[in-house]
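J.: Just need the structure, nothing else, for what follows:
(chains A and B)
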Amino acid sequence: MRSGRQGRTVAAAVSVVALLLGVASVDAALRAPGFALAGESVLRLALGVIAGWALTGAGLALAAVLEQRSGWLVAATGCAWVAAGSGTPGARADALFTLGLLCVAAAPALLGYALLVAVAEFPLPRLDHIVAVTLVATLVGLVGVLPSLAHDPGAASCGNCPGNLLALGDSAPTAAHLTRIGARLGPVTIAVVVAFVLCRLARTPAARRMRATTILVPGCAFLALCAVTLGNAWSDGVLGNDRVEQDLWLAQAVALLGVVAGVGFLLAAARRRRARLARLVLELADAQRDGGLRAALAGLLGDPELMLLFASRADAAWLDASGRPCTPPPDLVTTTLERDSRPVALICHRRGLLDDVRQRAELERGVGLALEHERLRSELRRRLADLQRSRADVAAAGEAERRMLERDLHDGAQQRLVAFAFALGIARRHAGPETGAAMERGQLEVQAALAELREVAHGLYPVALAEAGLAAAVESLGDRRAGLLPQALPSERFASAIEEATYFAIATLADLWSPAPVFLSAGRDGNLLVVDLHATAGLPTQLVDVEDRVGALGGTVSVDEPSDGTAHVRVEIPCG
Amino acid sequence: MRVIVADDEVLLREGLTRLLTEAGFEVVGTAGDAKALLDLVDARRPDLIVVDIKMPPTHTDEGLAAAQQIGERHPGIGVLVLSHYLEPRYAMRLLEQHPAGAGYLLKDRVSDVAVLSDALKRLADGECVVDPTIVSRLVARRRSGPLQALTDRERDVLALMAEGHSNEAIGGRLFLSSRTVETHIRQIFLKLDLRETAGLHRRVVAVLTFLRS
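T.: All right, here's what the predicted structure looks like:
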């Protein structure tokens, strides 16, 4: 791509050339009005030259503002169009005259090329390239260069004509013959080009088709008019300026002005888009709501299906607004938006929506900050979700550990103590009264030890929780902790992680509040398991452990301590 | 009386066997899991079985399941389930599925030979026995339902009934005459709406109501 500065220099040079060539052609037409395509009419002449200048300007704008390569070819078309006006006896210099002869049919060749570039990708696909080269070879080579080489009108028929600098021979019939061949082939190649352009247009994504049409329609009209002009010249082998040709030339000038209008429309559309983008930036700065950016972009680009994904810095994943990793849908085209040359977001949209490099750059500049903001939020949510998961994993691992300890205690120490108690019981039967009394005391001690062990095991993991659920476990807890008064308990079973966390919360709070009475009710409310604990005592400490366990499941703990010395804790856990 | 012992722990199985022998029972077989127990029961037709609640493969409630099957196949066999767990719901389930001649005791409780033989004799008589610790916990629970209608004294009597005591023993513990105990029990049956029903032991139903509440 041309750098901005270089582009501006070239554009200035092209403008000056177009200006000079235009002045020269006006001069030539005024000096020899009998040969001019504008005829005697100054108005027609002015219209023609203005069309050329305007086309050059439009092409340069297309290249500079919208960064479309076809712009340079459109500008060249404008130059060729005005240059052709010097190919009459009115030309002041041999060089201008020669250039005029060369360019006599160059404008349609260049515009045809430009249209092919505008509708297809650049560089052109091979077939399009062959078609474009054939067009230029026919219209510039056969109609312009070869006849100029063969014949110098100044030396022969046209006495007061300037000299043809290219003339190698002087055979008017050869020149006419070549021109006739060119005139025969010209309309055919033009028809092929127009067919190609229309065919490509039909395959262009809808989003781009509308824009391309504004230039393609007047452009194709111009090409058609040129084809007719060439067909008209076929009979005499000379591109002259009879009445019909003058009218055709005028129509061509009007068609070129149509192309200029099309370019103007594109520029205006781009400007409108930029204005909308600017408004969007302001809106986004105003209100940052979830998915707002996506909706705003969908509105801006006119694609309601548009998806917005954000780049994760941790890995190469794309995240949605809520931080879930996801892959772009295969039926949508993706465009990566960057900021400081690092990918920020991926827009998944329908084809052809963001092909325009310029538009993408505008987007990056305009919503870059908002995108980065959303990207950070999305990444934060993902980390939060990861953290939540790892918290839940830690809780589950802890619970599994406690369960195993309970099992170990049951299978190990408890069994051995019971075996010992059995042994004592048997031995006692055979002991004397004194030893027997001591053994009985021993037996009672073992039973007390077993009772304590049973409580430890229950504290580690209540067997009722896994086997019978929350209600049974809480009832059982109530048997051990006097003053824990269950008012309502859910009869349904929940996922074990939920039951364990809920039980943990209840057991911890009952313990913290001990020995004050605690009224407890638990039950499902929609898709939440809600536990309310009311105690006639304040909370002696923070509930970090409980909050941790409940938080790991995405639940919340809220504490309410009115000044009357009571406390209310509500635990809410999502339970599907 | 002929007894079969089932426990997956060899140490306890042997200990129990010796305790039972000491108490004058004839141990006609021992088993390490529920399947072996059922086969043995079918083959030897004991009067009583003593079974651990948790046995292979899942170590949850195999003993209870075996007790239920034995109750269905051989209704006359008394079942004593031994456990480490103070869980009223285990006792309740056992008595529901095996209404007469079933008992639920903590394992260490039967290390006292007198307690063991007393419990087994009651089971053989078709009564039910629930561990006193569980009963006292249930008494402590503040209950809704039919039990609310009982007086404290009636509740005490019911609790002792649940532990498997006879009217005389209850009278002895509460310092009441047998007649007074009988009056209390009639009141309990009346308040719990238990009329004379064929087959089902009214005492057991009353205990069940107590456990279920």
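J.: quick one: least confident helix or strand in the chain?
T.: If you meant another chain, say so; for now it's chain A. helix A:292-301 (a mean of 80; mean pLDDT, DSSP states H and E).
J.: Next secondary structure after that one?
T.: Using DSSP states H and E, the next helix or strand after helix A:292-301 towards the C-terminus is strand A:307-311.
J.: residues near residue 20, how many?
T.: Just so you know, I chose chain A. For A:Leu20, the count of nearby residues is 14 (other C-beta atoms under 10 Å in any protein chain shown). (C-beta placed from N, C-alpha, C; glycine too.)
J.: let's do chain B instead
T.: Counted with other C-beta under 10 Å, residues neighbouring B:Leu20 total 23.
J.: other SSEs contacting the least confident helix or strand of chain A?
T.: Secondary-structure packing of helix A:292-301 (3 or more C-beta pairs under 8 Å, 6 or more residues apart in numbering or on different chains; DSSP states H and E): helix A:243-286, strand A:307-311, strand A:342-349, helix A:357-409.
J.: same for the helix or strand following the shortest one, what does it pack against?
T.: Just to be clear, that refers to strand A:307-311. Moving toward the C-terminus from strand A:307-311, the next helix or strand (DSSP H and E) is strand A:318-319. Under the contact criterion of 3+ C-beta pairs under 8 Å, 6+ apart, strand A:318-319 touches strand A:307-311, helix A:357-409.
J.: if we can go back for a sec, buried residues, the least confident helix or strand of chain A. List them.
T.: With burial defined by 16 or more other C-beta atoms under 10 Å in any protein chain shown, the residues of helix A:292-301 counted as buried are A:Gly292, A:Leu293, A:Arg294, A:Ala296, A:Leu297, A:Ala298, A:Leu300, A:Leu301.
J.: Quickly find the element holding A:Leu529.
T.: Secondary structure assignment for A:Leu529, by DSSP H and E: strand A:528-535.
J.: Contacts for that strand, please.
T.: Residues from elsewhere that reach strand A:528-535 (C-beta atoms under 8 Å, 6 or more residues apart in numbering or on different chains): A:490, A:494, A:498, A:502, A:505-506, A:509-510, A:513, A:516-524, A:566-575.
J.: Go through the next helix or strand after that strand and flag the buried ones.
T.: Later in the chain than strand A:528-535, the nearest helix or strand by DSSP H and E is helix A:544-551. The neighbour-count check on helix A:544-551 (16+ other C-beta under 10 Å) flags A:Val546, A:Glu547, A:Arg549, A:Val550, A:Gly551 as buried.
J.: Need the per-residue pLDDT for the third one.
T.: We have a pLDDT of 89 for A:Arg549.
J.: swap in A:Gly432?
T.: On pLDDT, A:Gly432 comes in at 88.
J.: low-confidence ranges in the chain?
T.: This is for chain A. Regions of chain A meeting the criterion pLDDT under 70 cover residues A:1-4, A:122, A:153-160, A:207, A:234-240, A:282-291.
J.: The intended chain is chain B.
T.: B:142-145, B:196-201, B:213.
J.: All the strands of it, residue numbers only.
T.: With DSSP state E, the ranges of strands along chain B come out as B:2-6, B:26-31, B:48-52, B:78-83, B:102-106, B:129-130.
J.: Could you turn the buried ones of the contacts of strand A:528-535 into a PyMOL selection?
T.: With 16+ other C-beta under 10 Å as the criterion, this PyMOL line picks the buried residues out of these:
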select buried, chain A and resi 490+494+498+502+505+506+509+510+513+518+520+522+567+569+571+572+573+575
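J.: what's the helix or strand for A:Thr179?
T.: Using DSSP H and E, A:Thr179 falls in helix A:172-203.
J.: Does that helix pack against any helices or strands, and if so which?
T.: Judged by 3+ C-beta pairs under 8 Å, 6+ apart, the packing partners of helix A:172-203 are helix A:106-119, helix A:126-136, helix A:146-150, helix A:206-233.
J.: Could you pull out the buried residues of it?
T.: A:172, A:175-176, A:178-183, A:185-187, A:189-190, A:193-194, A:196-197, A:200-201.
J.: likewise stretch A:215-233?
T.: Residues A:215-216, A:218-230, A:232-233 are the ones in stretch A:215-233 that count as buried (16+ other C-beta under 10 Å).
J.: Stretch A:31-50 too?
T.: Of all the residues in stretch A:31-50, those buried under the rule 16+ other C-beta under 10 Å are A:32-33, A:35-39, A:44-45, A:47-50.
J.: okay, that stretch in PDB with CA atoms only?
T.: The C-alpha trace of stretch A:31-50 is given here as PDB (Å, rounded to 0.1, in the frame of the first residue of the first chain):
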ATOM      1  CA  ARG A  31      -8.400  26.200 -32.500                       C
ATOM      2  CA  ALA A  32      -9.900  23.600 -34.700                       C
ATOM      3  CA  PRO A  33     -13.600  23.300 -33.800                       C
ATOM      4  CA  GLY A  34     -14.300  21.400 -37.000                       C
ATOM      5  CA  PHE A  35     -12.400  18.400 -35.700                       C
ATOM      6  CA  ALA A  36     -13.500  18.600 -32.100                       C
ATOM      7  CA  LEU A  37     -15.800  15.900 -30.700                       C
ATOM      8  CA  ALA A  38     -17.600  18.700 -28.800                       C
ATOM      9  CA  GLY A  39     -18.300  20.300 -32.200                       C
ATOM     10  CA  GLU A  40     -18.800  24.000 -32.200                       C
ATOM     11  CA  SER A  41     -20.500  24.000 -28.800                       C
ATOM     12  CA  VAL A  42     -18.500  25.600 -26.100                       C
ATOM     13  CA  LEU A  43     -21.000  24.200 -23.600                       C
ATOM     14  CA  ARG A  44     -20.400  20.600 -24.700                       C
ATOM     15  CA  LEU A  45     -16.700  21.300 -24.700                       C
ATOM     16  CA  ALA A  46     -16.800  22.600 -21.100                       C
ATOM     17  CA  LEU A  47     -19.000  19.600 -20.000                       C
ATOM     18  CA  GLY A  48     -16.500  17.200 -21.600                       C
ATOM     19  CA  VAL A  49     -13.500  18.700 -19.900                       C
ATOM     20  CA  ILE A  50     -15.200  19.100 -16.600                       C
END
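J.: Quick one: distance of it to the chain centre.
T.: Distance of stretch A:31-50 from the chain centroid (C-alpha atoms, centre = their mean, to the nearest Å) equals 51 Å.
J.: Equivalent analysis for stretch A:455-464, please.
T.: Put simply, stretch A:455-464 sits 56 Å off its chain's centre (C-alpha atoms, centre = their mean).
J.: what does it contact?
T.: Contacting residues not belonging to stretch A:455-464 are listed as A:399, A:402-403, A:405-406, A:409-410, A:414, A:472-473, A:475-477, A:480, A:503, A:507, B:84-87, B:89 [C-beta under 8 Å, 6+ apart].
J.: All set now, cheers.
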